[in-house]
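Student: Sequence and predicted structure below; questions after.
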Amino acid sequence: MQRVMIVGQPGSGKSTLARKLGQRTGLPVVHIDTIHWQSGWIERSRDEKTRLCLDVEARDCWIFEGGHSATWDNRMARADLLIWIDRSAPLRFLRVLLRTLLQHGKSRPDLPENCPELLANLPEFFRFMWRTNKSARAKMQQLVATAPSACRVVHLRSNRDTRNFLAGIGRSTGDVSHPAIDDIR
């Protein structure tokens, strides 16, 4: 395992899994939010995001969590493991609310500096989550369905699935010692 692609909707646990997987394997972790945003919640242009994603994807090793689906085909072609975290909308909304409340005024580790969690941003983000709920899930289903045969695909639907998956990862080698629950292939 050298290149891991993690996808899921907001609040599904992508960043947390990426950090834990990075600690277990020693692989460098890249969070899409550090590419999407600049300090002060300034959004990068689509072209700049694409260029930065392609730069990361060209590296030999990575755990890359998050969206920017414009580069998913390239990322998928290089990944040897695709993880889809597929959690219910009510749980994801609750998690986003809790992280906003718990991290209020602070920048999360998966965001650039000076991007503090703000309650004022929550209604707009919730609208985005609601508006894209079905279309984003469908896009991830399509990604999984078209993954190359050489790429292992894991579908995590619960905290238990995630714990079992992590328990099967070798601490320093990144080897998977046993199949995860709901390993698609």
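Tutor: Yep, it's here. Source: prediction; values computed, not measured.
Student: Return the helix or strand in the chain with minimum mean pLDDT.
Tutor: Every helix and strand in the chain was compared by mean pLDDT, DSSP states H and E; the lowest is helix 72-78, with a mean of 91.
Student: buried residues in the top helix by length along the chain?
Tutor: Determined from DSSP state H, the single longest helix within the chain is helix 122-145. Buried residues in helix 122-145, counted by 16 or more other CB atoms under 10 Å: 125, 129, 136, 139-140, 143-144. All C-beta atoms are positioned from the backbone trio N, CA, C, and that covers glycine.
Student: which ones are touching the residue lying farthest from the centre of the chain?
Tutor: Distance from the C-alpha centroid of the chain, by CA atoms, centre = their mean, peaks at residue 120 (24.0 Å). Neighbour list for residue 120: empty [criterion: CB atoms under 8 Å, 6 or more residues apart in numbering].
Student: which residues of this protein fall in helices?
Tutor: Using DSSP H, helices in the chain cover 14-25, 32-36, 46-57, 72-78, 89-102, 122-145, 159-167.
Student: any idea which of the buried residues of helix 122-145 is closest to residue 60?
Tutor: residue 143 (22.5 Å; CB to CB).
Student: Name the nearest residue to that closest one, sequence neighbours excluded.
Tutor: Among residues not flanking residue 143 along the chain, residue 72 sits closest, at 6.0 Å (CB to CB, 6 or more residues apart in numbering).
Student: Let me have the buried residues of helix 122-145 in CSV, extended by pLDDT.
Tutor: Listed next are these as CSV, based on pLDDT from 0 to 100:
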residue, pLDDT
125, 93
129, 94
136, 94
139, 94
140, 94
143, 93
144, 94
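Student: gap between the residue nearest in space to the middle of the chain and residue 83?
Tutor: Nearest to the mean C-alpha position of the chain, by CA atoms, centre = their mean, lies residue 65 at 3.0 Å. Distance, residue 65 to residue 83, by CB to CB, to the nearest Å: 9 Å.
Student: list the residues that contact both of these two?
Tutor: Shared contacts of residue 65 and residue 83 (CB under 8 Å, 6+ apart): 5-7, 17.
Student: Adding distance to residue 163 and pLDDT, write these out as CSV.
Tutor: Below are these laid out as CSV (distance: CB to CB, whole Å; pLDDT from 0 to 100):
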residue, distance to residue 163, pLDDT
5, 20, 96
6, 16, 97
7, 19, 96
17, 10, 97
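Student: Pretty sure residue 13 sits against residue 83.
Tutor: No - applying CB atoms under 8 Å as the test, residue 13 and residue 83 come out as separate, 10.2 Å apart.
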